[in-house]
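Colleague: any chance you can model this:
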Amino acid sequence: MSGHSKWSQIKHKKKIVDAKRGGLFTKILKEITVAARMGGGDPAGNARLRTVILKAKGANMPGDNIERAIKKGTGELPGVTYEDATYEGYAPGGVAMMVEVTTDNKTRTVAEIRNIFVKAGGQMGETGCVSWVFNRKGEITVDKDAIAEDDLMEVALDAGAEDMDSTGDYYAITTPPDALEPVRSALEAKGIKVESAEVNMAPINTVKVDSEEVAKKILKLMETMEDQEDVQKVHANFDIPDEILEKAGA
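Modeller: The predicted structure is shown next:
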């Protein structure tokens, strides 16, 4: 597996999300605020808001926090105005990267993103330099202990999924963006626990990384980028073999 799916598996293994829950809450609250501002505060009529609320609940965020963020987005409560932006560039080894952010200060954020690229031996590029390498896809992960592979695949495909991979401790289900919710709902209706469900950028082609040194630099860049307070998601098209990942400490 490669790109975002591989990075998702690495994050699950390292428990990065749990270790940095405070930072995760901040990122999700920003996303809720933007979703509510753009599409209204009613989740029934706002698909993006529905998705991020489920993400918040999956992270055990208190309901009061979610409600306040929605009201800040709709203007019912005062709050900072956030906006989305996407930055593109290259990691060591020529790996393409896309960085999605939610920020109240684009000037500050773009400078920090560029600095992270440079310090890691990468390079920030112009808009459009790598976006052609990715397609927007839904990605759902399910713990392997939750259900047999064949049973999961049958439910997922019947609900509109495109494909399913088995990597590490998780199954990764790929869907068209607009099928993410129907597939997730179908799984949950069958009592199947969904570990994560979100729309990501899946690489059309990949860059194979056979060097342990380069792999370490790429993984360090990915983690440092995700630690930046305005960054929501990081996508890349690396293909690092499992044996190299193990040597790199992932």
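
Colleague: helices and strands around the helix or strand harbouring Ala197, which ones?
Modeller: Assigned by DSSP states H and E, Ala197 belongs to strand 196-203. For strand 196-203, the packing partners by 3 or more CB pairs under 8 Å, 6 or more residues apart in numbering; DSSP states H and E come out as helix 3-14, helix 47-58, strand 134-143, helix 180-189, strand 231-236. C-beta: built from backbone N, CA, C; applies to glycine.

Colleague: got the domain ranges for the chain?
Modeller: Domain assignment for the chain by automatic domain parsing gives 15-74, 83-132+204-247, 134-203.

Colleague: need the ones you listed in CSV with mean neighbour count and mean pLDDT, can you?
Modeller: Output for those, formatted as CSV (neighbours: other CB atoms under 10 Å; pLDDT from 0 to 100):
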stretch, mean neighbour count, mean pLDDT
domain 15-74, 18, 86
domain 83-132+204-247, 18, 94
domain 134-203, 17, 90
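
Colleague: could you identify the longest helix within the chain?
Modeller: helix 21-39 (DSSP state H).

Colleague: C-terminal to the helix or strand containing Arg108, what's the next element?
Modeller: Element membership for Arg108 (DSSP H and E) is helix 106-119. Sequence-wise, the next helix or strand downstream of helix 106-119 (DSSP H and E) is strand 123-124.

Colleague: identify the residues contacting that next one?
Modeller: 87-90, 113-114, 117-118 (CB atoms under 8 Å, 6 or more residues apart in numbering).

Colleague: ok, 10 Å please
Modeller: Here strand 123-124 makes contact (CB atoms under 10 Å, 6 or more residues apart in numbering) with 87-92, 94, 97, 99, 110, 113-118, 129.
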